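Engineer: 3D, please:
(2 chains)
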Amino acid sequence: MHEKHPGVQDMACDTFLKIAQKLKRKFVMQQPSETCSFVEELCDMLPATIVDLEIHQIHSFYEAAGHMVSAHPDPAQRAALLDRVMALPNQMWQRVMGLAAQNLEELKKPDAVREVQRILRTNVRICKSVGPSFIKQMGRMYLDMLNVYKAYSEYISAMYVPCILFSIDVCGLARLDCSPLALYLHRVTKLGTNGIHRSEVRLMMQAKRETLALITTFVKKSDDPKVGVPSVVPMLAGAV
Amino acid sequence: MQVIATSFIPPLFDAVLADYKRCIPDAREAEVLALMTALTNKLKTLIAPHVPSILEAVFECTLSMITANFTTYPDVRLNFFKMIQALNEHCFAALFSIAPSHQKFVVHSIVWAFRHQERNICETGLDILQQLLNNVAAVPGAGQQQFYQQYVAQDPMVVQVLCPVATHCVYRLCRYFVSLLQDVLWVLTDRLHKFAFKQHAQILHHMFRLVATNAITAPLFPAGTPGKTNQVCLVALPSHEGMACDDSCCVVQIFVGEHVCKLLLSYFKNLNNAQVTAFVQGLFDMSKDQSAYKTHMRDFLIELREFKSEDNRDLYAEETAIASKRQAEEERARMLAVPGLIAGAHDAMDDI
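Structural biologist: Numbers count the residues shown, from 1 in each chain, chains lettered A, B, ... in the order given. Presented below is the predicted three-dimensional model:
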């Protein structure tokens, strides 16, 4: 995962994900030659392991880690492991939220939006593979996340309205005065206003979409304790 | 699950649904609708108390986005109909306990869905309709009749279009039914909807069975004057050959039959009266099984000149699919008989 030769990192992450899916139960048990189970070792080394990876590769890495965590037979241990795996994204999240608490404008900077989106996507991938045990992590982020959602949507609406008003205004002018210069000005100014805002708006819409994706995934993956537990426990007991 | 229903939903709705309603169409997220679908599928009946607020927030504003044409906002469209489907499946009672003016929209939006030419949406719409008819049929007697009747009474537009002279409740009843029937026939006879023939056939079979087995009865006797009802109907309608008119249930059947005949004749000028009458009588014949019923419909469609000169393989898609599946299974069974011909068939490697 540290080899920069093109394609190697992608392949490494994909393979890691596949192995994690197929052999997840082996990684949470302590093997004869180990001092602790592999998944614990993975948690300790996590920051060093992903340091050279691209964003999408990091996401696959987290998904693989989620598969391993989900295989742990003990719910309390599972929650603890998940906390350890999520330490890094949670730190980042705390930092962004801390900045936002001081000044809401910080949240709207493109870099902050990008970071929010990234953290959310990591959470989606983990949620997908961990399943119902994700509930604690979800509870930790939930309200903050919805507040971010609200803040972004307010910002987007505020941005859209002047944009639309402006373009209607300019269209009206252009219709009145159809000289080439007026048309040219119309095109330039319209593109200009939209151009500045468009990238920001698009980023925020992506972040919003990611929030919705996280909640949807969580809802899909959560299961009824009454139905879930009796059917899962014997399955695990039989395998271990 | 309870946790989600009680502590999870209120802040979510506050943030997401309120925002969905407020923001401009271009900025609305189709994922919101997908989320509602997921919630409904998961919580099933637990979501029922929240259904009015969901519909209140998303229904009208989404409809105004998608009813202008058949193409804009494709993802919003599909997710919207999927949401209706989920609600109809799990919270049928809640879906129809909302304000009367909205109930009409629900049925209209289903009709709108299956008029699409886009395959996904069209099939979703037909699935919903089928589910809806089944749900209505499952409601115990009085409620069911009330449902049919209620519908009709609230729908003046459809009333006017279909039956300008109608003042009588037998028309009213039939109108709800007939308006749906008319829509289904419209898509059935549209060449661009050939691919959904199987579903069309099932739905029509269900609807005609309702009429033929006299499942719709109550609205005929609204004020306790059945004699008058019958007389008015029989005067208003030319009597139908080959059908007994002695009991009032038959009036519904005759009315529906007449109406469908008239409708088809006005759609397709190239057909003569005898052809159409034979087709409609065949539709009422419940002694046939599903496949004979379908053959009857196919014959009629091919008789219409619209379908005559075309490639009609889609109409037989179901049978072709069954045949090819059987063939594939036989082939696989043959291969499985010899070890090693299919990789991995003999050792289950998944999840050691």
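Engineer: what about the strands in chain B?
Structural biologist: Read by DSSP state E, chain B holds no strands at all.
Engineer: okay, domains of it per the record?
Structural biologist: B:1-138, B:143-339 (automatic domain parsing).
Engineer: for the longest one, give the mean pLDDT please.
Structural biologist: The one in question is domain B:143-339. The predicted model assigns domain B:143-339 a mean pLDDT of 64.
Engineer: please apply the same query to the shortest one.
Structural biologist: For domain B:1-138, the mean pLDDT works out to 80.
Engineer: what's the closest of the domains of chain B to chain A?
Structural biologist: Set against chain A and scored by CB to the nearest CB, those come closest in domain B:1-138, at 3.8 Å. Bear in mind the C-beta positions are built from the backbone N, C-alpha and C, glycine included.
Engineer: is chain A within reach of the closest one?
Structural biologist: Yes - using CB under 8 Å from any CB of the partner chain, we find that domain B:1-138 touches chain A at B:1, B:3-4, B:8, B:11-12, B:14-16, B:19, B:22-24, B:26-27, B:29, B:31-32, B:34-35, B:38-39, B:41-42.
Engineer: filter these down to the buried ones.
Structural biologist: For the residues of domain B:1-138 next to chain A, a burial check counting by 16 or more other CB atoms under 10 Å in any protein chain shown picks out B:1, B:4, B:8, B:12, B:15-16, B:19, B:23, B:27, B:29, B:31-32, B:34-35, B:38-39, B:41-42.
Engineer: and residue 51, how many neighbours?
Structural biologist: Defaulting to chain A. For residue A:51, the count of nearby residues is 10 (other CB atoms under 10 Å in any protein chain shown).
Engineer: oops, wrong one, chain B.
Structural biologist: Neighbourhood size, residue B:51 [other CB under 10 Å]: 20.
Engineer: need the nearest residue in space to it, chain neighbours excluded.
Structural biologist: residue B:94 (4.0 Å; CB to CB, 6 or more residues apart in numbering or on different chains).
Engineer: swap in residue A:104?
Structural biologist: Residue A:104 sits nearest to residue A:151 (CB to CB, 6+ apart), 6.5 Å away.
Engineer: how about residue A:52?
Structural biologist: Of all residues not flanking residue A:52 in the chain, residue A:2 sits nearest, at 4.8 Å (CB to CB, 6+ apart).
Engineer: residue B:263 now?
Structural biologist: residue B:182 is the one closest to residue B:263 (CB to CB, 6+ apart), at 6.1 Å.
Engineer: for residue B:108, see how far away residue B:87 is.
Structural biologist: 15 Å (CB to CB, to the nearest Å).
Engineer: how's chain A carved up into domains?
Structural biologist: A:1-85, A:86-225.
Engineer: closest to residue B:276 out of the ones you listed?
Structural biologist: Among the domains of chain A, domain A:86-225 comes nearest to residue B:276, with 49.0 Å by CB to CB.
Engineer: before we move on, back to that, using a markdown table, lay out the domains of chain B together with distance to residue A:7.
Structural biologist: Output for these, formatted as a markdown table (distance: least, CB to CB, whole Å):
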| stretch | distance to residue A:7 |
| --- | --- |
| domain B:1-138 | 32 |
| domain B:143-339 | 35 |
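Engineer: one step back: wait, doesn't the residue nearest to residue B:51 sit right on residue B:46?
Structural biologist: No - contact criterion CB atoms under 8 Å: residue B:94 and residue B:46 do not qualify, at 10.8 Å.
Engineer: now for these two: what residues contact both?
Structural biologist: When contacts are counted by CB atoms under 8 Å, 6 or more residues apart in numbering or on different chains, residue B:94 and residue B:46 are jointly contacted by no residue.
Engineer: what does chain A put close to chain B?
Structural biologist: Counting by CB under 8 Å from any CB, chain A sits next to chain B at A:22-26, A:135, A:142-143, A:146-147, A:149-150, A:153, A:156-157, A:160-161, A:164, A:201, A:205, A:208-209, A:212-213, A:215-216, A:219-220, A:222-226.
Engineer: among those, name the buried ones.
Structural biologist: Among the residues of chain A next to chain B, those buried by neighbour count (16+ other CB under 10 Å) are A:24-26, A:135, A:142, A:146-147, A:149-150, A:153, A:156, A:160, A:201, A:205, A:208-209, A:212-213, A:215-216, A:219-220, A:222.
Engineer: low pLDDT regions in chain A?
Structural biologist: A:160-197, A:224-240 (pLDDT under 70).
Engineer: next, count neighbours for residue 112.
Structural biologist: Since no chain was named, I'll use chain A. Residue A:112 sits with 19 neighbouring residues when counted by other CB under 10 Å.
Engineer: that answer is for a different chain, and I need it for chain B
Structural biologist: 19.
Engineer: wait, doesn't residue A:136 sit right on residue A:82?
Structural biologist: Yes - Residue A:136 lies in contact with residue A:82 (CB under 8 Å); the separation is 7.3 Å.
Engineer: so between the two, which is more surrounded?
Structural biologist: Neighbour tally, residue A:136 and residue A:82, criterion other CB under 10 Å: the higher count belongs to residue A:82, 23 against 13.
Engineer: helix or strand for that one, which one?
Structural biologist: Using DSSP states H and E, residue A:82 maps to helix A:75-85.
Engineer: could I get the buried residue list for that helix?
Structural biologist: A:78-82, A:84-85.
Engineer: next: stretch A:48-63.
Structural biologist: Using 16+ other CB under 10 Å as the test for burial, stretch A:48-63 gives A:49-50, A:53, A:57-63.
Engineer: follow-up on the earlier one: more crowded one of residue B:87 and residue B:108?
Structural biologist: Taking neighbours as other CB under 10 Å, residue B:87 and residue B:108 compare with residue B:87 leading, 23 against 17.
Engineer: can you give me every residue that contacts that one?
Structural biologist: For residue B:87, the contact set (CB under 8 Å, 6+ apart) comprises B:40, B:51, B:54, B:94-95.
Engineer: work out which residue lies at the spatial centre of chain A.
Structural biologist: In chain A, the centroid-proximal residue (CA atoms, centre = their mean) is residue A:121; its distance is 1.5 Å.
Engineer: for residue A:89, see how far away that residue is.
Structural biologist: Residue A:121 sits 10 Å away from residue A:89, going by CB to CB.
Engineer: also residue B:268?
Structural biologist: Going from residue B:268 to residue A:89 by CB to CB gives 64 Å.
Engineer: which of these two has more neighbours?
Structural biologist: When neighbours are counted by other CB under 10 Å, residue B:268 and residue A:89 differ, and residue A:89 comes out ahead with 20 against 15.
Engineer: how about the secondary structure of the more buried one?
Structural biologist: Residue A:89 falls in the helix class when you classify it by DSSP: H, G, I helix; E, B strand; the rest coil.
Engineer: wait, it sits on residue A:122?
Structural biologist: Yes - Residue A:89 is in contact with residue A:122 according to CB under 8 Å; the separation is 4.9 Å.
Engineer: list residues touching both of these two?
Structural biologist: Taking CB under 8 Å, 6+ apart as the criterion, residue A:89 and residue A:122 both touch residue A:62.
Engineer: of the buried ones among the residues of domain B:1-138 next to chain A, which belong to helices?
Structural biologist: Using DSSP state H, the members of these that fall within helices are B:12, B:19, B:31-32, B:34-35, B:38-39, B:41-42.
Engineer: any idea how far residue A:10 is from residue A:61?
Structural biologist: Distance of residue A:61 to residue A:10, computed by CB to CB: 11 Å.
Engineer: ok, the nearest residue to residue B:25 once chain neighbours are set aside - contacts?
Structural biologist: Nearest residue to residue B:25, sequence neighbours excluded (CB to CB, 6+ apart): residue B:65, at 4.9 Å. Neighbour list for residue B:65: B:25, B:28, B:72-73, B:76 [criterion: CB under 8 Å, 6+ apart].
Engineer: go ahead and confirm residue B:115 touches residue B:188.
Structural biologist: No - with contact defined as CB under 8 Å, residue B:115 and residue B:188 do not form a contacting pair (11.7 Å).
Engineer: okay, the two: which has more neighbours?
Structural biologist: residue B:188 (19 against 16).
Engineer: give the contact list for that one.
Structural biologist: Residue B:188 neighbours (CB under 8 Å, 6+ apart): B:197, B:200, B:204, B:297, B:301.
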